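> Using only what follows, build the 3D model:
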Amino acid sequence: MNLELKNSNRLLNHGPTTIITSAHADKRNIMAAAWVCALDFNPPKVTVVIDSKTYTRELMEAEGTFAINLPCVKQIEMVKKVGSISGRDLPGADKFSEYGIETFAADKISAPLVKDCVAWLECKIIPEPHNQNTYDLFIAEVIAAHADERVFSDGRWHFEGHDDLRTIHHIAGGVFFATGQAY
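So this is what the prediction gives:
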């Protein structure tokens with residue numbers, strides 16, 4: 001389901017682990033990222049910290065766009081894999097083909113979106129060279145947002161009855177928690 005941009009911040013407000021995808025020319029990459037945050041409402045903006053040495057960042061900067069994908073419980077092993085190796089270390093392949101990660105096309109950017117995630121934000125980088133170079137901090141405008149309506153509708157998450165679709169939260173050392181019960 002396409003989401004009204006005014007509600008896109010609600011996809012991130014509960015602090016889930018994310019997967020960042022990027023693409024430029026004929027290259028693409030995917031990495032896990034925990035430091036992603038909603039920043040503003042109108043237009044919606046996010047922040048993401050991406051280390052200067054990553055292949056994902058190289059492609060993000062070259063293209064000026066990236067996607068934030070919200071993986072779920074059933075994708076924990078995939079998240080661990082894409083978060084533990086650089087795309088540069090897979091000569092002749094990329095993480096998508098190496099790990100059998102299925103994708104689909106985004107509406108407004110070239111980065112692929114990861115199938116079976118529960119939400120996706122398509123982002124356009126707002127150039128802030130000082131923040132990017134000093135803090136590895138990117139600010140981006142959300143230009144399209146989508147969510148799995150089984151667990152997100154009417155502007156809120158509702159995971160009841162869909163335990164395998166709960167978002168995940170990395171706490172350190174490869175350990176994750178799933179989003180809990182709403183009260």
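> center of the chain, which residue is that?
Centre of the chain computed as the mean C-alpha position; nearest residue by CA atoms, centre = their mean is residue 68, 2.3 Å away.
> ok, that residue - contacts?
Contacts here follow CB atoms under 8 Å, 6 or more residues apart in numbering; on that basis residue 68 touches 12, 18-20, 33, 36, 46, 48, 120-121, 123. Any C-beta I mention is one placed from the backbone N, CA and C, and that applies to glycine too.
> Can you add neighbour count, pLDDT and secondary structure and give those residues back as TSV?
Shown next, in TSV, are those (neighbours: other CB atoms under 10 Å; pLDDT from 0 to 100; DSSP: H, G, I helix; E, B strand; the rest coil):
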residue	neighbour count	pLDDT	secondary structure
12	23	80	coil
18	29	95	strand
19	25	96	strand
20	25	97	strand
33	22	92	strand
36	22	94	strand
46	23	97	strand
48	26	97	strand
120	25	98	strand
121	30	97	strand
123	31	98	strand
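> now, among the residues you listed, which is nearest to residue 164?
The nearest member of those to residue 164, counting by CB to CB, is residue 19 at 16.7 Å.
> Can you name the residues bridging to that closest one?
residue 32, residue 69 (DSSP bridges).
> Cool, thanks, talk later.
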